[in-house]
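A.B. asks: missing the sequence, but the structure's below:
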């Protein structure tokens, strides 16, 4: 379903993240610093995606909870399945696994990693069709593990 | 006996098991089911509730009933908190037969769900969600103090027949304890052990089973 990963260096924000080779990549669209989307298949399907957002943390306290609450409000029947502290590249991160209902494609997994670094809040959001979660687990976790905030190369 | 209760908007049907048996038989063979002894009364009840209309199952439950007749993806059983739920899934639809109500009534709820929502339905029934991480990093006996008080024990069993006609199946059994989640799985000697796992592990392996892959400790 996915091949090798290629490191994407964001041209403006400066972060790095590996994304599957062949996925469509767009920078700075709809408030997202990076959107990487799986190529379309023959049949209609939910295209797996990796989205990175970056925001200036004027009020860092409670940023994670506010960010996650916004997700909860925006998605249909969003259910949090797991929520734990992890480390990415030596940085503390919060990983949240959730599930919501897409009006066209049904169940969707949303796996997010939230990292605050040098006054910026990064959110890596990986979406997969619910029944493809196991297929995509390795690659999505490799994507998140390979993330490096700006200025940490 | 109270009548069949049918909510087409929610794909929800409250029905007795004999009525469901007739409804499934009717889905498979409308003519044959109608002439079975004792079926007429049940078919009349199903027609009165709008479940069978014009000789066919209502569209809100037709695909789920077809999945019961021909579960091309898998069949499943979830045992939890002293209850048991059964399910049937094709690639197009799924049906879940929820446990009887606590009042001991004869009716059970048949729920029509999209197959992509099966993991979520199972997560709701088992109340899967964030949990603390067990302090242990290696498997222990299920009664070990590290496991501590158990809030719930649940087991998902899934069976399937693949496209080549080969039967397969697998199961996932967990202790939902105050210390976190523990996978029950025998060691090489056959003794049951409790392996510390995460909600992500449980979710991933529910998906694996529904996609016809056995669960694996350590993955």
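C.D. replies: That came through, no problem. Owing to the predicted nature of the structure, the values given are computational and were not obtained by experimental measurement.
A.B. asks: Now chain A against chain B: closest residue?
C.D. replies: residue A:106 (3.3 Å; CB to the nearest CB). Placement of C-beta: from N, CA and C, glycine included.
A.B. asks: Skipping its backbone neighbours, what lies nearest that residue in space?
C.D. replies: Among residues not flanking residue A:106 along the chain, residue B:116 sits closest, at 3.3 Å (CB to CB, 6 or more residues apart in numbering or on different chains).
A.B. asks: Please confirm that that neighbour is located within a helix.
C.D. replies: Yes: with DSSP: H, G, I helix; E, B strand; the rest coil as the criterion, residue B:116 is assigned to a helix.
A.B. asks: Show the contacting residues for it.
C.D. replies: Contact analysis of residue B:116 by CB atoms under 8 Å, 6 or more residues apart in numbering or on different chains lists A:105-107, A:129-131.
A.B. asks: and what of residue B:27?
C.D. replies: Residue B:27 sits next to B:57, B:62, B:65-66, B:68-69 when contact means CB under 8 Å, 6+ apart.
A.B. asks: For my notes, confirm it occurs in a helix.
C.D. replies: Yes: in this structure, residue B:27 lies within a helix as judged by three-state DSSP.
A.B. asks: How about it, nearest residue that isn't a chain neighbour?
C.D. replies: Counting by CB to CB, 6+ apart, the nearest residue to residue B:27 once its immediate chain neighbours are dropped is residue B:65, at 4.2 Å.
A.B. asks: what's the distance between the one you found and residue B:22?
C.D. replies: Using CB to CB, to the nearest Å, one gets 11 Å for the distance from residue B:65 to residue B:22.
A.B. asks: ok so, going back, give me the secondary structure label for the residue nearest to residue B:27.
C.D. replies: The three-state label given to residue B:65 by three-state DSSP is helix.
A.B. asks: Go ahead and confirm it touches residue B:23.
C.D. replies: Yes: shown here, residue B:65 and residue B:23 form a contact pair, counting by CB atoms under 8 Å, at 6.5 Å.
A.B. asks: Quick check: neighbours shared by these two?
C.D. replies: In contact with both residue B:65 and residue B:23: residue B:57, using CB under 8 Å, 6+ apart.
A.B. asks: Sort out for me which of the contacts of residue B:116 are in strands.
C.D. replies: A:106-107, A:129 (DSSP state E).
A.B. asks: quick one: least confident of the residues you listed?
C.D. replies: Minimum pLDDT for the ones in strands among the contacts of residue B:116 is recorded at residue A:106 (93).
A.B. asks: who's that residue bridged to?
C.D. replies: Residue A:106 has these beta-bridge partners by DSSP bridges: residue A:102.
A.B. asks: before we move on, what about residue B:171?
C.D. replies: residue B:157.
A.B. asks: need the contact list for residue 129.
C.D. replies: The chain I'm using is chain A. Counting by CB under 8 Å, 6+ apart, residue A:129 touches A:45-46, A:48, A:105-109, B:116.
A.B. asks: try chain B instead
C.D. replies: Going by CB under 8 Å, 6+ apart, residue B:129 touches A:79-82, B:123, B:199.
A.B. asks: Which of the contacts of residue A:129 ranks first by neighbour count?
C.D. replies: residue A:109 (28 neighbours; other CB atoms under 10 Å in any protein chain shown).
A.B. asks: Pretty sure residue A:101 is one of the things that residue touches, is it not?
C.D. replies: No: in this structure residue A:109 lies outside contact range of residue A:101 using CB under 8 Å: 11.5 Å.
A.B. asks: Relative to residue B:119, how far out is the residue of chain A closest to chain B?
C.D. replies: Distance, residue A:106 to residue B:119, by CB to CB: 10 Å.
A.B. asks: just residue B:53 next, same as before
C.D. replies: For residue B:53, the distance to residue B:119 - CB to CB - is 32 Å.
A.B. asks: Give me the more crowded residue out of the two.
C.D. replies: The residue with more neighbours, out of residue B:53 and residue B:119, is residue B:119; 24 against 12, by other CB under 10 Å.
A.B. asks: Can you tell me the element that one falls in?
C.D. replies: For residue B:119, the host element (DSSP states H and E) is helix B:118-126.
A.B. asks: how about that helix against chain A, any contact?
C.D. replies: Yes: legend: contact between helix B:118-126 and chain A by CB under 8 Å from any CB of the partner chain is shown at B:118-120, B:123-124.
A.B. asks: which residues sit against that helix?
C.D. replies: Applying CB under 8 Å, 6+ apart, the contact partners of helix B:118-126 are A:77, A:79, A:81, A:99, A:101, A:107, A:130-131, A:133, B:76, B:78, B:80, B:85, B:87, B:89, B:94, B:96, B:111, B:113, B:128-129, B:152, B:154, B:156, B:174, B:176, B:203, B:206-207, B:210.
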